[in-house]
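Peer 1: model this:
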Amino acid sequence: MSLAVIDRNDVVLRGRLNAPPELRPMPSGDTLLLFKLVVRRENPRPRGSKSDVITCVSYSPALQRYAAAWTVGDVVEVEGALQRRFWRTPTGTAVAYEVNCRRGRKVSRGAQRAPARPA
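Peer 2: Numbering: from 1, shown residues only. Have a look, this model is predicted:
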């Protein structure tokens, strides 16, 4: 059986942008788009957090251009894969889990209020 059949790493998120997207030049010469989405938990525990802040990145020039129009508070939906990224810092190696986005779009106000479809 091939790995394509066994493994699957697909992430779809919809949440609010909590800060303006930023472009970061990387030592490799690539440009990284970085933004964070606040995503509400479906069934939060009574005393627990009601939402999560998820770091999203993209190396896609098309998505970088599109995200330039996003503003704080916009509802955004992204598709990508969960990844773990390492980099060197003056104090050692740093690591982060991020959603590497291949697609993203701003969700219209009407779509935000649409009721969930029954399963």
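
Peer 1: hey, where'd the strands end up in this structure?
Peer 2: Listed in chain order, the strands of the chain (DSSP state E) span 11-17, 22-25, 31-40, 51-58, 75-89, 92-106.

Peer 1: name every strand pairing with the third one and say which way it goes.
Peer 2: Read that as strand 31-40. Applying DSSP bridges to the sheet, strand 31-40 is found paired with strand 11-17 (antiparallel), strand 22-25 (antiparallel), strand 51-58 (antiparallel).

Peer 1: got the angle between the last one and strand 75-89?
Peer 2: What that stands for is strand 51-58. With axes from the mean of the first three to the mean of the last three C-alpha atoms, to 10 degrees as the basis, strand 51-58 and strand 75-89 are set at 70 degrees to each other.

Peer 1: send the alpha carbons of strand 51-58 over as CSV?
Peer 2: What follows is strand 51-58, C-alpha atoms only, in CSV (Å, rounded to 0.1, in the frame of the first residue of the first chain):
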residue,chain,number,x,y,z
SER,A,51,-11.0,29.5,21.0
ASP,A,52,-7.5,28.7,19.6
VAL,A,53,-5.1,31.0,17.8
ILE,A,54,-3.7,29.0,14.8
THR,A,55,-0.6,30.2,13.0
CYS,A,56,-0.9,30.0,9.2
VAL,A,57,1.8,30.4,6.6
SER,A,58,2.2,30.3,2.9
